[in-house]
Each structure stands twice: as C-alpha cells, then as structure tokens.
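Q: Structure for the following, please:
(one chain, ligands or ions: 1)
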Amino acid sequence: MTTTSFTKKTLGLETGEPAVTPPPTPPTPNTAFAKKPKLPGRKSRKRDIPEGLWTKCPKCATMVFDKELDENLKVCSQCQHHFPIGARERIHSLVETCTFEEMDAEMTSVDVLNFTGVASYLSKLEDYQKSTGLKDAVITGIGKIGEHRVGLGVMDFTFLGGSMGSVVGEKLTRLIEKATEKALPVVIISTSGGARMYEGMFSLMQMAKTSAALAYHAQRRLPYVSILVNPDYAGVMASYASLGDLILAEPKAMIGFAGPRVIKDTTQAELPPGFQTSEFLLDHGLIDSIVPRREMKERLVKYLDYFAAGKKNGA
Ligand SMILES: [Zn+2]
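A: Numbering: from 1, shown residues only. As a prediction, this is how the structure comes out:
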C-alpha cells in the first residue's frame, strides 16, 4: 500500500505539475508583460515635452535647460526670473498628492453676444481649448494644502489672456459658495488681462458676483488668500484679486488696473521707477508680502495654520 502510494505521488508530481500549473500561469505572466510595456508609454509622453531644448531667460539671457526649468517650477536658477506657469502645474506644486477634487471641469462659455470679428468667439474658444487643454481660464476645486482643506482657484494666462468671462466668474463664485458652505478658507491665484470683451456686460457682471460671494464668505469669518501673479490687471484686479484678507504676490509681477502706458498718456506725468511691480505695491501697502514661487506652498501652510489657530482661539 505504502509503496504504491509513493510511486503515485512521484508520478503525480511529474505529470501533475505540467498538467495543473501551466494553464493558469501562462496567461497571467503574459498579461503582466503586456501591461509592463506601457511603461515606455510614459516615456513617449515625456517626448511631447520637447527634451534637450533650451529656453533663453528674458531677464539674464542665460540659456536654461527646459527640464531644469520644469523641476524648478519655471523659475530661472540664475536670476530667479519667474516664467509663466500653467494652472495645472501650479495646483500640482501646491496641493497634497491626489487631494484635489476639481469642480465644474466641463463648464464652457456661450456666445451670448453673437460676437463676430475676424473669427467667431466660439471658434476662438475652441482653438484655445485645443492648444491649452483647458476649458476656460480658471481651474477650481477643493484640495488639501498641508493639513488644511481649502477652496482653490487657479487662473491660466495662456487661455485668452486669462480673461474673465462668465465661466471664470461662475466657477469662482461656485467655489467661494462651496467654501462658505463647508467653512473652508479660499485661495485664489489670479493672472489676467481683465474682463473678456467677447462677453461684454456679462463679463463685467462677474466682478460684482465674485465680490458678493466673497462678502458672504467673509461674513462667516473665513479667510481668503489672494495670490497675484504676473500679469494681473483690470477687472480681475478690481474685484476678487484685491479683496484678500491676505494679499500675496510673486516677485516682479506687474499688477494694476490700467496699464502703465495708458496712465502715462492720460496723466502726461512721468511714472515712478518700478511702477506697478509687486515690489512697488508692497512699499505702497496694497500687497502684504512677496513670496517666491518655490516658497509659496510652505508659506501658505504657515498662514493657513495661523488662521486656523486664530479660529480655535475664537479670535
Ligand atoms: Zn534668468
């Protein structure tokens, strides 16, 4: 009995192994290998961002390696010149990984005025949507900065000059209202040429709408941090961008209502040196602090900690 069972076992091992194990195993490693080749796919994505190219810094004329520039949040390592940076890259640099929940991502404008010019407004919008990958000039959502959940809105100048139309106004208003409802601080990073002329009065109405939403937010004693980024002008600067409890700006950003040339022509006066730069506005009390881009997250966390501590103490 024992001898037969021994022979059966050895036989079973020899014949059983190839009979049982091969069927389930080959398909699984096959699929695993089929998935792995997707890794080079990531490399090909990198190829979209042209590698081995250099960008000339407009301030110090140094040729900066693009990859280095990306790693440095688009700041020149030689002279600290702040290059423009996309809204998504900015959000990525500020919020904790995977905590950002975007709001109203699909909202797009309607051609209310039936605007006719060189190109129709809608075809212009379509072109910008294709070239930037954005639906409009702002991305809004709730995310975590340090330990704090905040309502975060980030504008992108590459989309029609960061102009504020009904979508920018509506998305920001909804963000502020959501933050008010959930008792969260609001952080808005703005860069804009002003109200969007293609939507006429509807663009101008956004100034009042966003400001009113911020007034309700302030009534609940919730903090609002406005961050001004080069360039920041006109309707945006004259509404929500200048209403922050705390107003921060990036170094050497151009900030104002009308541009310096218009002011010079109108007033016929020589403008002071450094007029409309963030440094000038810090000296004159409009801005609370100038924060380099690479320190922005750390500083924001500190300020939000401070606001949260004040709230706990009932201040
Ligand atoms: Zn430079």
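Q: okay, CA-based contacts and neighbour counts for the rest of this
A: Fine.
Q: can you pull out the helices in the protein?
A: 2-20, 27-35, 38-48, 66-71, 87-94, 121-132, 166-181, 200-219, 234-237, 260-267, 278-283, 296-312 (DSSP state H).
Q: Relative to the ion, which of those is closest?
A: Closest approach to the ion among the helices of the chain (CA to the ion): helix 66-71, 10.4 Å.
Q: how about low-confidence regions in the stretch 201-315 of the chain?
A: Counting by pLDDT under 70, the stretch 201-315 of the chain has low-confidence residues at 314-315.
Q: For the ion, what's the nearest residue on it?
A: Per CA to the ion, residue 252 is where the stretch 201-315 of the chain lies closest to the ion, at 12.7 Å.
Q: near the ion, which residues of this protein show up?
A: With the criterion set to CA under 5 Å from the ion, the chain comes near the ion through 57, 60, 76, 79.
Q: Quickly name whichever of those residues is closest to residue 286.
A: Nearest to residue 286 among these: residue 79, at 25.3 Å, using CA to CA.
Q: The residue lying closest to that closest one once chain neighbours are set aside - how many residues pack around it?
A: By the measure of CA to CA, 6 or more residues apart in numbering, the closest residue to residue 79 outside its immediate chain neighbours is residue 60, 6.4 Å from it. Neighbourhood size, residue 60 [other CA atoms under 10 Å]: 12.
Q: And residue 225, by the same measure?
A: Neighbourhood size, residue 225 [other CA under 10 Å]: 22.
Q: any weak-confidence spans in the stretch 1-150 of the chain?
A: 1-52.
Q: one more time with 90
A: Scanning the stretch 1-150 of the chain for pLDDT under 90 picks out the ranges 1-53, 112-120.
Q: Looking at the helices of the chain, spot the one closest to residue 144.
A: Closest approach to residue 144 among the helices of the chain (CA to CA): helix 87-94, 8.5 Å.
Q: who does the closest one touch, helix- and strand-wise?
A: Counting contacts by 3 or more CA pairs under 8 Å, 6 or more residues apart in numbering; DSSP states H and E, helix 87-94 packs against strand 138-145, strand 148-155, helix 296-312.
Q: can you list the residues that contact the last one?
A: It refers to helix 296-312. If you take CA atoms under 8 Å, 6 or more residues apart in numbering as the criterion, helix 296-312 is touched by 93, 94, 145, 146, 147, 148, 223, 291.
Q: who's in contact with the first one?
A: Under the criterion of CA under 8 Å, 6+ apart, the contact list for residue 93 reads 73, 297.
Q: Ok, the third one next?
A: Applying CA under 8 Å, 6+ apart to residue 145 gives the contacts 94, 95, 96, 297, 300, 301.
Q: Quick check, the second one in contact with residue 147.
A: No - using CA atoms under 8 Å, residue 95 and residue 147 do not qualify as a contacting pair, with a distance of 10.0 Å.
Q: Name the residue in these two with the higher neighbour count.
A: For residue 95 and residue 147, the more surrounded residue by other CA under 10 Å is residue 95, and the numbers stand at 20 against 10.
Q: Apart from its chain neighbours, what residue comes closest to the more buried one?
A: Here the residue nearest residue 95, using CA to CA, 6+ apart, is residue 145, at 4.8 Å.
Q: Thanks a lot, catch you later.
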